[in-house]
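[1] When you get a sec, could you give me coordinates for this:
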Amino acid sequence: MPYVAGVVFAIFVGFSFLSIKICVPIATTIEILTFRYNFAFIFAVMVTVARKRAMMVPASKILLLTSVPYVLFMVFQALGMIFLTSIESAIMFAVTPIIVRIIAGIFLGEKSTWKQNIFVFASVVSVLFMIMEGAGAFSVNVFGLLLLAFASVCMASCNVIMRYARRTHDTVEIMYIIAATGFVFFNIGHLANLLYTGGSVLAYFAPCASYEFVWATAYLGVTCTTGTLWLMGYMLKYLEAVKATIFGNLSTAISIVAGIMILKEPLAFYNIVCTIIIIAGVIGVSATGEKNHAAA
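    Presented below is the predicted three-dimensional model:
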């Protein structure tokens, strides 16, 4: 079941690019993030109410330590993408499993085998090659690159801390705290920006005039935030951090395949080969490495 959760996670994230493409022409980055977390928090509250645990989620240090790097990941990602293209951003996040492997090895004592390292390397290189080959020539903004490097480290740190948090907290508690933290942070930022620019309170709801924006941010909030947080938390209870994180590379492959199928983007032979290698890499990482049931 953890591997099934990983595939669903990859599918959710893989199709998120469609919602982002819809939102970008309609709203600013801070507006997209604000309403994304509005929907995420509303859904998280509904889940806790359904479990009769609303407002009883413990604000422990480990939960807060999990939520902070996740929100910072969103911030650095949004800032980095101002200076870099989505292609360059995808390249940076493709190396996240490697960062997770390093951090998990230091703080969780998770050891890797040479077979597992080969599969991680094959998956990462395949993603990088497919993205760069499809992008052609491009220049890189160093400042934007640093911002996305920080974003990758934050995402990797979040996954490692989340695996540790799963020893004492369930997935709904983690999901709720992260959604609540993002909700508060981005709403404060958005409202402060409106006041600074002289915008009215009504301007806060201006993007909602587009039903496409509403359902797109609802998908990003409910499915790609709370949904993926729940799935990642579930995976990290039973899988090593790198095994759970490697499904992020599978989501990149799904994004490219979806672009070919839905947006009718051109299909090249290297797309097929690299996708096969990425899938093989994910399966290889999942099938190798030490069996660790300490967090279960």
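
[2] Helix or strand next in line after the host helix or strand of Phe121, which one?
    Taking DSSP states H and E as the criterion, the element that holds Phe121 is helix 114-135. On the C-terminal side of helix 114-135, the closest following helix or strand by DSSP H and E is helix 142-165.

[3] And the helix or strand just after that next one, how far out from the chain middle?
    Where DSSP H and E defines the elements, the next helix or strand beyond helix 142-165 is helix 171-197. Using Cα atoms, centre = their mean, to the nearest Å, we find the averaged C-alpha position of helix 171-197 to lie 16 Å away from the chain's own average C-alpha position.

[4] what do you get for stretch 35-49?
    Centroid separation for stretch 35-49 versus its chain: 17 Å, with Cα atoms, centre = their mean.

[5] Need the residues that contact it.
    Contacts of stretch 35-49 with the rest of the structure, by Cβ atoms under 8 Å, 6 or more residues apart in numbering, involve 27, 54-57, 172, 175-176, 179-180, 182-183, 185-187, 207-208, 213-214, 217-218, 220-222, 224-226. All C-beta atoms are positioned from the backbone trio N, CA, C, and that covers glycine.

[6] Now restrict these to buried residues only.
    Judged by neighbour count, with 16 or more other Cβ atoms under 10 Å as the criterion, the buried members of the contacts of stretch 35-49 are 27, 57, 172, 175-176, 179-180, 182-183, 185-187, 207, 213-214, 217-218, 220-222, 224-226.

[7] the bottom helix or strand of the chain by mean pLDDT?
    Of all helical and strand segments in the chain, the minimum by mean pLDDT, DSSP states H and E falls on helix 86-94, at a mean of 59.

[8] Let me see the contact set for the nearest residue to Ile30 once chain neighbours are set aside.
    Computed as Cβ to Cβ, 6 or more residues apart in numbering, the closest residue to Ile30 that is not its neighbour in sequence is His190, at 5.0 Å. For His190, the residues meeting the contact criterion (Cβ under 8 Å, 6+ apart) are 30-31, 33-34, 204.

[9] how close does Ala218 sit to Met74?
    Taking Cβ to Cβ, to the nearest Å as the measure, Ala218 falls 17 Å from Met74.

[10] Could you do Ile279 as well?
    Taking Cβ to Cβ as the criterion, Ile279 is separated from Met74 by 28 Å.

[11] which one of these two has more residues nearby?
    A direct count of neighbours by other Cβ atoms under 10 Å for Ile279 and Met74 places Met74 higher, at 21 against 17.

[12] from the middle of its chain, how far away would whatever helix or strand that one lives in be?
    When secondary structure is defined using DSSP H and E, the element that contains Met74 is helix 61-83. Centroid separation between helix 61-83 and its chain, computed with Cα atoms, centre = their mean, is 10 Å.

[13] Could you pull out the buried residues of that helix?
    Using 16+ other Cβ under 10 Å as the test for burial, helix 61-83 gives 62-63, 65-81, 83.
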